[in-house]
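[1] Sharing a sequence plus its predicted fold:
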Amino acid sequence: MDAERTVKILQFVCRVLSNTIYRLEVSGRENIPSHGPAVIVCNHVSFVDWMLLSSICRRPIRFVMHHGFFRLPLAGRIFRDARVIPIASALEDPALLDSAFRNIASELRKGELVCYFPEGRLTRNGKTIKFRPGIERIVRDTPVPVVPVCLKGLWGSFFSRKYGKPMSKPFRRFWSRVSVIIGKPVPPREASAGRLREIVNSFLLGSKGCPSPVGPPAVPILSQYRLQFSPEGTVCEHHRKQTRFRAFPPGRLRPPDLREPRGENRCVSLRHGRLPLG
């Protein structure tokens, strides 16, 4: 079977599986060039990131993956037929690393779309890891636009590291919502590792394409008993099984202003942060 046919079949399978397991919400799809070379950089949350990206892109993508996946009996054969580019760290195999960058440059010169995960490994806390300078080497060798992409909603899934080793716990999140946010192409001269990480982080935190909650932050107070206590008014009413949160404008409520009441309205803890209003 030729490579192009394998890629099309694999892309179709990825689209079916992705839309069966998850509810995909894609924004900025038009930012992926319809033709010509480009590099997609994406945060690395789970072992199925490549599958979701392949399912939402109309063009075939040449993925860059760790060489260890090619040792898997069935997956390795599929990845080789789909022209996935194997890569290793400089400590593991410097020759394979150089070969990977040569293959990436070759694919880009052919006008292909290449996906590169600049973190180099899965996140262990849901946040992005420092982007490695490999992306800078890619655009230095072949100056092409870089499309930043952010995956949201995969942290805590069966394929992520939130609960330890991926795919080691029971599958618990079926048909969960996953957002794919695609940013505008970044010119190669501006595509530094730090800059690209800032863009992906801005998507992950809720700005530039994924609206964040608006309004003043909520101040939760956790107590064992009913609590009606604040210098500005009632902060929250807490019962044994239900807590209602109230929001105050920034600057109006400060920890030093609070005084712990006596008697049964004892305050156990005070935390600041944005929580849903109840």
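    Looks like it arrived, so ask away. Just so we're clear, the structure is a prediction, and the values are computed from it rather than from any experiment. Numbers count the residues shown, from 1 in each chain.

[2] From now on I want contacts and neighbour counts done on CA atoms only, so please keep to that.
    Noted.

[3] Tell me the first helix or strand C-terminal of the top helix by length along the chain.
    Ranked by number of residues, the top helix in the chain under DSSP state H is helix 3-21. Using DSSP states H and E, the helix or strand that follows helix 3-21 towards the C-terminus is strand 22-27.

[4] mind listing what that next one pairs with, with the direction of each?
    Its sheet considered, strand 22-27 pairs with strand 176-182 (parallel) by DSSP bridges.

[5] separation between Arg137 and Glu112?
    Arg137 sits 17 Å away from Glu112, going by C-alpha to C-alpha, to the nearest Å.

[6] now the residue nearest the centre of the chain, what's its secondary structure?
    Of all residues in the chain, the one closest to the mean position by C-alpha atoms, centre = their mean is Leu151, 3.5 Å from it. Of the three states, Leu151 takes strand according to DSSP: H, G, I helix; E, B strand; the rest coil.

[7] Might one say that it is in contact with Gly183?
    No - shown here, Leu151 and Gly183 do not form a contact pair, counting by C-alpha atoms under 8 Å, at 11.6 Å.

[8] Find residues that contact each of the two.
    When C-alpha atoms under 8 Å, 6 or more residues apart in numbering defines a contact, no residue borders Leu151 and Gly183 alike.

[9] The residue nearest to Ile199 when sequence neighbours are not counted is in what secondary structure piece?
    Excluding the flanking residues, the one nearest Ile199 by C-alpha to C-alpha, 6 or more residues apart in numbering is Pro148, at 7.0 Å. Using DSSP H and E, Pro148 sits in strand 146-152.

[10] contacting residues around that strand?
    31-32, 38-43, 45, 49, 178-188, 191, 196, 199-200, 203-204.

[11] picking that back up, averaged pLDDT, the longest helix of the chain. What do you get?
    Averaging pLDDT along helix 3-21 gives 89.

[12] can you pull the buried residues of that helix?
    6-7, 10-11, 14-15, 18 (16 or more other C-alpha atoms under 10 Å).
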